[in-house]
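S.K.: generate coordinates for the sequence data below:
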Amino acid sequence: MHNNNGLAHGRSPKEILIASAAGGVLSFGEILSNGRIVVIDSVEAESVIDNPSYFLDPRTGVSGFVLPGIARGIDLEHTKRDPEATNSVMVWFVWEQKAPLPRWGKRLLFEDDGSKIRSASAAVLVPIDEETLTSDTGTRKARLFVTGFQSLNMIAVEVELQEYCLRTLLGTKAPAKDRIACVTLYMPLQQQQACTNMLSTRL
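M.R.: Presented below is the predicted three-dimensional model:
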């Protein structure tokens, strides 16, 4: 592991999230009975990353990892002492998928050129009230809070957590039964049948 910077709790009391900042790698550690932490898995983002956080919407079961970072880490050496400089930011959402999909799904959740916020080293998602859910599309909304080690402020933006699994499945060559089975990954019960019927017409 290289340039570890940022720890967080994961999906269980024994799971620890470890960010390798310069490498853009999120590692998953497990706490052993002797107190040691052993790394059991990892996933790469497409930028440097900092303090990770875990998101779980208890109403819908949508979950994933929020990974803030800056788009060009190499620029820090030139901008760190300049109060007028900007550092563009990227915030990734990473979630675990079920077979036959690739193990990890990734989406760029937020991006800024540095004009609204300079750097990003911490970000969390907070579910929005139930009445804001759009039942016709299955969209879940959440509020994303972002700040950084060179930021003078924090920003909050509303983001949509789309049906990633469904979108990916429509383009895969996996067997029909596997595609239909995966539709339920991020969908509440009242939407599963409608989406299954829609997917079936495209097989």
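
S.K.: quick check, central residue of this protein?
M.R.: residue 93 (1.6 Å; CA atoms, centre = their mean).

S.K.: thought that one was touching residue 104?
M.R.: No - between residue 93 and residue 104 there is no contact, the gap being 10.9 Å when judged by CB atoms under 8 Å. C-beta: built from backbone N, CA, C; applies to glycine.

S.K.: for the protein, what spans make up the helices?
M.R.: 76-79, 164-169, 176-182, 189-200 (DSSP state H).

S.K.: weakest of the ones you listed by average pLDDT?
M.R.: The minimum mean pLDDT among the helices of the chain belongs to helix 164-169 (a mean of 46).

S.K.: so where do the strands sit in this structure?
M.R.: Along the chain, counting by DSSP state E, strands occupy 4-9, 15-20, 25-31, 37-44, 53-56, 63-70, 89-96, 104-112, 122-127, 140-147, 155-161.

S.K.: and those as JSON lines, adding mean pLDDT and distance to residue 77?
M.R.: Output for those, formatted as JSON lines (pLDDT from 0 to 100; distance: least, CB to CB, whole Å):
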{"stretch": "strand 4-9", "mean pLDDT": "86", "distance to residue 77": "16"}
{"stretch": "strand 15-20", "mean pLDDT": "93", "distance to residue 77": "19"}
{"stretch": "strand 25-31", "mean pLDDT": "94", "distance to residue 77": "21"}
{"stretch": "strand 37-44", "mean pLDDT": "93", "distance to residue 77": "23"}
{"stretch": "strand 53-56", "mean pLDDT": "92", "distance to residue 77": "27"}
{"stretch": "strand 63-70", "mean pLDDT": "92", "distance to residue 77": "12"}
{"stretch": "strand 89-96", "mean pLDDT": "91", "distance to residue 77": "17"}
{"stretch": "strand 104-112", "mean pLDDT": "88", "distance to residue 77": "21"}
{"stretch": "strand 122-127", "mean pLDDT": "91", "distance to residue 77": "22"}
{"stretch": "strand 140-147", "mean pLDDT": "87", "distance to residue 77": "22"}
{"stretch": "strand 155-161", "mean pLDDT": "86", "distance to residue 77": "25"}
